[in-house]
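Enquirer: What would the 3D arrangement of this be:
(2 chains)
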Amino acid sequence: MGKIIPAKERLLKSEKNWMDGELRGKILVIICAVIMISATISITIFLGTKGLQSFIKNGVSLIEFLTSTQWNPTNKANPEYGAFPFIFGSFAVTFLSAIVAAPLGIGGAIFMTEIAPSWGRKILQPVVELLVGIPSVVYGFIGLTVLVPFVRGHVGGLGFSLLSGVIVLSIMILPTITTIATDAMSALPKNLREGSYALGATRWQTIRKVLIPAALPSLLTAVVLGMARAFGEALAVQMVIGNVRDLPSNLLDASATLTTIITLNMGHTTYGSVENNTLWSMGLILLVMSFVFILLIRYLSSRRKM
Amino acid sequence: MKSLKKLSLLTLLAALMVFAAACGGGASTDKTEGKDKSTTPKTEEKKELSGSLSVSGSSAMQPLIAAAAEEFMNENPNVDIQVNAGGSGTGLSQVAEGSVQIGNSDVFAEEKEGIPADQLVDHKVAVVGMTAAVNPKVGIKDIKKEDLIKVFTGKITNWKELGGKDQKIVLVNRPDSSGTRAIFNKFALDGATPAEGITEDSSNTVKKIINETDGAVGYLAFSYFTDDSVTPLSIDGVEPTAENVQSGKFPVWAYQHSYTKGEADGLAKAFLDYLMSDDIQTTLLKEQGYLPVTKMKVERDAKGNQKNI
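Expert: Residues are numbered from 1 along each chain as shown, chains lettered A, B, ... in the order given. Now for the predicted structure:
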């Protein structure tokens, strides 16, 4: 029946294997972390160098880029690189859609956690998850087919407008806000509610005066995360906003955002040309803004702990 | 917090995918070169083609090149051709840096900034005609060139000034860098800069918008005039037809270029020859809505000068 291996060797061997497994696991996890960190850092460095080239190498004025409203890169005699209308458009759709989606999302979260925790959650949760799952191109296509003609027919203007972009984005960021707000509300300690009821407060008073203030930092985090998504969304917005280079004067004017200008022009421009570099600069602005959003979230969550 | 974790997991996944895509791209070009050398034994028949070819560039040309590549691969089963769209700028940049063998463009390489045009060899594989298209309810079918320029520069703002319905003119443009826009501006608007309007890149979206918006006007390639949903305009009484483009009467047309770095050789040459063959030029091109370059009675250089041949 084969050789008999002494117990000492067997045990030593198995111990060695166990050590190997431990080491392998550690290395595997470290590799994952290193890949993540290096990917982020390399993207930042790449975008930084690419995005600054238009100012350093091509001599585009940073002030003109950030403040001028004239965007005319293909005019060979007198090219103009003012990206302000797109920066304005990005901020406008982001803040307006947050204003629309935040009350809806937080309201939905309160409904799920406070008003109807059992059946309400059972219905609303899958609805919210479904909204997350719909690809942005589908949102855009529905927007183009249904929303744009509706706005044109019932509100006015061409239909391609800031308003259409805001409506599409609001629906897109709704699930982000609702999910995080729901987590925040249900994480509140039970004794807050019980204490409030014991003092004779009604349910609405409890929600308004106790629960919302207690969860406020997390709710704000939810809104900021939603805004970060809205700021970066390109495809769906591009299909409904009209992509006009002028500053919009009202909600029904067509407009453009940084992301839509990048996606519209990136494929047509050649690597290293001034126009291509200014598109990278717009990408850099998007990255800087997402850092700002992250800092905001950090700040809000540090306030929550206190 | 749970969703925050989910978010970071997603970010990780995305980063990995970016990495994989970058690595994958590099690996496949390596393989191409390796295959080309190793799988061409001299003992076999010379006609037996094998290896792989990567093509990228103009999204307007992508359906044509992809369809031709499919037929080419049916005839030569050992050949693998990858056709990617991505825009003319991408195609020219990639062929210039050697990451693809053929780069498609709907403009001359000379017209694009930052491309070493002298290193690239131009193969004109097809011609595409385009014209202004209006919403059918506008009620006009013919426009004078000077009026067309006035419409696109915003000097005429209502169709009734041109004998159409009392509808406000809505412009549908292409992005600044688009080849279609460059050609339309140059040959239909005589170089005038169009006024601001809705801007969309995809021809299908442009067609949809013109069809759904009262008073809309944009421009499309002939191949998109397959139904009554938009009305193509004649310019100065010349109808936008293949015959008029070929005889040089209709001014708004462009070559579809396939560029190679240096003279084409091996598989790239075989494929380009195949594109120029009568079979492809007379059947496939027509099916896809392009005009055969072999039938053109006029030719044009990169500066836009036209002459008869």
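
Enquirer: so what's the residue of chain A found nearest chain B up against?
Expert: Of all residues in chain A, A:Gly267 sits closest to chain B, at 2.2 Å by Cβ to the nearest Cβ. (C-beta placed from N, C-alpha, C; glycine too.) The contact partners of A:Gly267, by Cβ atoms under 8 Å, 6 or more residues apart in numbering or on different chains, come to B:59, B:85-90.

Enquirer: B:Gly87 against A:Tyr271, yeah?
Expert: No. Applying Cβ atoms under 8 Å as the test, B:Gly87 and A:Tyr271 come out as separate, 11.3 Å apart.

Enquirer: what about the helices in the stretch 201-306 of chain A?
Expert: Shown for the stretch 201-306 of chain A, the helices assigned by DSSP state H, counting those that start in this stretch span residues A:203-205, A:212-232, A:235-241, A:258-265, A:274-305.

Enquirer: count of residues packed around whichever residue of chain B sits closest to chain A?
Expert: Of all residues in chain B, B:Gly87 sits closest to chain A, at 2.2 Å by Cβ to the nearest Cβ. Number of residues near B:Gly87 (other Cβ atoms under 10 Å in any protein chain shown) recorded here: 28.

Enquirer: A:Val137 too?
Expert: 12.

Enquirer: Same question for B:Asp147.
Expert: Applying other Cβ under 10 Å, we find 18 residues neighbouring B:Asp147.

Enquirer: In chain A, spot the helix with the most residues.
Expert: The longest helix of chain A (DSSP state H) is helix A:7-56.

Enquirer: Check which helices and strands whichever helix or strand comes after that one sits against.
Expert: Once helix A:7-56 ends, the next helix or strand along the chain (criterion: DSSP states H and E) is helix A:62-67. Contact here means 3 or more Cβ pairs under 8 Å, 6 or more residues apart in numbering or on different chains; DSSP states H and E; on that basis helix A:62-67 packs against helix A:7-56, strand A:80-81, helix A:84-110.

Enquirer: and those, which is most packed in?
Expert: Among the helices and strands packed on helix A:62-67, helix A:84-110 has the highest mean neighbour count (mean count of other Cβ atoms under 10 Å in any protein chain shown), at a mean of 20.

Enquirer: was I right about B:Val245 contacting B:Tyr255?
Expert: No. Judged on Cβ under 8 Å, B:Val245 makes no contact with B:Tyr255 at a distance of 11.4 Å.

Enquirer: ok, the residue nearest to B:Lys144 when sequence neighbours are not counted to A:Leu96 distance?
Expert: Spatial nearest neighbour of B:Lys144, excluding adjacent residues (Cβ to Cβ, 6 or more residues apart in numbering or on different chains): B:Asp236 at 5.8 Å. To A:Leu96, B:Asp236 is 46 Å away according to Cβ to Cβ, to the nearest Å.

Enquirer: likewise A:Ala33?
Expert: Distance from A:Ala33 to A:Leu96, counting by Cβ to Cβ: 38 Å.

Enquirer: Repeat that for A:Leu211.
Expert: Using Cβ to Cβ, we find A:Leu211 at a distance of 27 Å from A:Leu96.

Enquirer: on that earlier part again, Serialize the helices of the stretch 201-306 of chain A to JSON lines and add fields for distance to A:Ala101 and mean neighbour count.
Expert: JSON lines is the format used below for the helices of the stretch 201-306 of chain A (distance: least, Cβ to Cβ, whole Å; neighbours: other Cβ atoms under 10 Å in any protein chain shown):
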{"stretch": "helix A:203-205", "distance to A:Ala101": "23", "mean neighbour count": "12"}
{"stretch": "helix A:212-232", "distance to A:Ala101": "6", "mean neighbour count": "21"}
{"stretch": "helix A:235-241", "distance to A:Ala101": "14", "mean neighbour count": "27"}
{"stretch": "helix A:258-265", "distance to A:Ala101": "18", "mean neighbour count": "23"}
{"stretch": "helix A:274-305", "distance to A:Ala101": "15", "mean neighbour count": "17"}
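
Enquirer: Nearest to B:Lys160 among those would be which one?
Expert: Nearest to B:Lys160, of all the helices of the stretch 201-306 of chain A, is helix A:235-241, at 29.1 Å by Cβ to Cβ.
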